[in-house]
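Chemist: All I have is the shape, not the residue letters:
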């Protein structure tokens, strides 16, 4: 135990750089996923059959083929087919973004559908333009519904980042595994690694809780402050897991 | 695009991928069995009357579900290096998904009306009879679709087993792709096999959900 930790603290700069890769992949992957969620979510809500169909096919494709396969396809097959190679981290961001974007699209679609129809009708009656309607009436309400399932997806994405190690990006997993190889302290190395991911996941959840609270306050609700510390949204466990819409 | 797509490679790698696919299916089925049983036990332990049991169980579930499956697999493989890789894979997959499924069970158990518990108390049924004859039959029926969805999710994560040297489908694809330099063909085929297996299953689950009235 002592061996591992003395090595660990002597090489903290390696840990930081590994952590940076993991955080970058998570943040950029999540950003791509968020954008795609809205693009495909809105498309799936469209009145045009063709637009809906395209969104459906893309979403089902990325949900149906495993993330693992997608990542390896991008990393190994794409250079063969098109002759240029993606940097490992970039490759990861693209794969994470597309995969979780497809899941996120379902979240967006569901949340848009969950806004009461009367809200839409009232906005029409008030003569709001479609853009105003979306921005001022529909989205603020849908957004509150989206945050808990988005939190789940964000944690899923963080948990997928060790895949980067397999395509040779020096992420947290790779760095700590190298430390294990040097010190031979298998159990402590992996436990430390797991605890680090756990802390990261909790920090992300806290951030999303703050976001959720702010979104609720905007709607005039006064959520309980204790809810900020919870490990995950109670609503998400109920809504997404009972309805089976998760993952 | 000037790559010569080799249809021969698609055909030639098929037997290897199919063999791996059977391992993938086996791991999914056994992993699901472990997860559904363990998940239920965890959910019931989470409702234990003493906090001495329920709090550690919840902390542990939270830990398992917020840490990466890949690290759990590699860690377990390194620590228990004498155990057969497939067994480790099935157990770790099972434990990982049990942490999700226990949440589903918990929601299902919470959805059973309080009056049912009270009625059991009034009839002075034993805890065992209460769970077995009254609570679980109502709780489990409602959560079946959600459990099925997690089984599908697990299926899509079985390629992780390749990392701990289990010869499942993607391990086969990598091996074949590396020796014949046909990553494009074999990985595309692997992805399509996944799609062909998981899409109909999710359609089926959706039908089941509708029939159960969700």
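Modeler: Yep, that arrived. The structure displayed is predicted, hence computed values, not measured ones.
Chemist: Show me the shaky parts of the chain.
Modeler: Reading this off chain A. Along chain A, segments meeting pLDDT under 70 span A:1, A:232-247.
Chemist: right idea, wrong chain: chain B
Modeler: For chain B, the stretches flagged by pLDDT under 70 are B:1-2, B:213-214.
Chemist: Now it against chain A: closest residue?
Modeler: Here the residue of chain B nearest chain A is residue B:75; by CB to the nearest CB that distance is 3.3 Å. Glycine gets a C-beta too; all of them are placed from N, C-alpha and C.
Chemist: Tell me which helix or strand the closest residue to that residue other than its chain neighbours sits in.
Modeler: Excluding the flanking residues, the one nearest residue B:75 by CB to CB, 6 or more residues apart in numbering or on different chains is residue A:190, at 3.3 Å. Using DSSP states H and E, residue A:190 sits in helix A:186-218.
Chemist: which residues does the residue nearest to residue B:75 contact?
Modeler: A:176, A:180, B:71, B:74, B:75, B:78, B:79 (CB atoms under 8 Å, 6 or more residues apart in numbering or on different chains).
Chemist: Run the chain-centre distance for whichever helix or strand the fifth one is part of.
Modeler: Assessed by DSSP H and E, residue B:75 sits inside helix B:69-79. With CA atoms, centre = their mean, to the nearest Å as the basis, the distance from the averaged C-alpha position of helix B:69-79 to the chain average is 16 Å.
Chemist: which non-adjacent residue is nearest residue B:202?
Modeler: Using CB to CB, 6+ apart and skipping the chain neighbours, the partner closest in space to residue B:202 is residue B:152 (5.8 Å).
Chemist: Quick check: phi and psi at the one you found.
Modeler: phi -70, psi -40 (degrees, to the nearest 10).
Chemist: residues in contact with it?
Modeler: By CB under 8 Å, 6+ apart, the contact list for residue B:152 reads A:247, B:198, B:201, B:202, B:205.
Chemist: In three-state terms, label the spatially most central residue of chain A for me.
Modeler: Nearest to the mean C-alpha position of chain A, by CA atoms, centre = their mean, lies residue A:154 at 2.9 Å. What DSSP: H, G, I helix; E, B strand; the rest coil gives for residue A:154 is helix.
Chemist: pretty sure it is touching residue A:208, no?
Modeler: Yes: at 6.7 Å, residue A:154 and residue A:208 qualify as touching, with contact defined as CB atoms under 8 Å.
Chemist: how about the helices of the chain, start to end?
Modeler: Defaulting to chain A. Counting by DSSP state H, chain A has helices at residues A:2-10, A:12-44, A:49-64, A:67-72, A:78-82, A:88-114, A:117-125, A:130-132, A:139-160, A:163-166, A:172-183, A:186-218, A:234-236, A:242.
Chemist: sorry, should have said chain B
Modeler: For chain B, helices defined by DSSP H occupy the ranges B:7-46, B:51-65, B:69-79, B:85-110, B:114-122, B:127-129, B:136-157, B:169-180, B:183-211.
Chemist: Tell me which of those lies nearest to residue A:61.
Modeler: In terms of CB to CB, the element of the helices of chain B nearest to residue A:61 is helix B:183-211, at 6.8 Å.
Chemist: For that closest one, name the packing helices and strands.
Modeler: Packing partners of helix B:183-211 (3 or more CB pairs under 8 Å, 6 or more residues apart in numbering or on different chains; DSSP states H and E): helix A:49-64, helix A:67-72, helix A:78-82, helix B:7-46, helix B:136-157, helix B:169-180.
Chemist: so how far is it from its chain's centroid?
Modeler: Put simply, helix B:183-211 sits 15 Å off its chain's centre (CA atoms, centre = their mean).
Chemist: So which bits of that helix are buried?
Modeler: B:183-191, B:193-195, B:197-199, B:202, B:205, B:209 (16 or more other CB atoms under 10 Å in any protein chain shown).
Chemist: got it, and stretch B:99-114?
Modeler: Across stretch B:99-114, burial judged by 16+ other CB under 10 Å covers B:99, B:100, B:101, B:102, B:103, B:104, B:105, B:106, B:107, B:108, B:109, B:112.
Chemist: Other residues contacting that stretch?
Modeler: The contact list for stretch B:99-114, computed with CB under 8 Å, 6+ apart, reads A:237-238, A:241-242, B:35-36, B:38-40, B:42-44, B:46-47, B:61-62, B:64-65, B:135, B:138-140, B:142-143, B:146-147, B:150.
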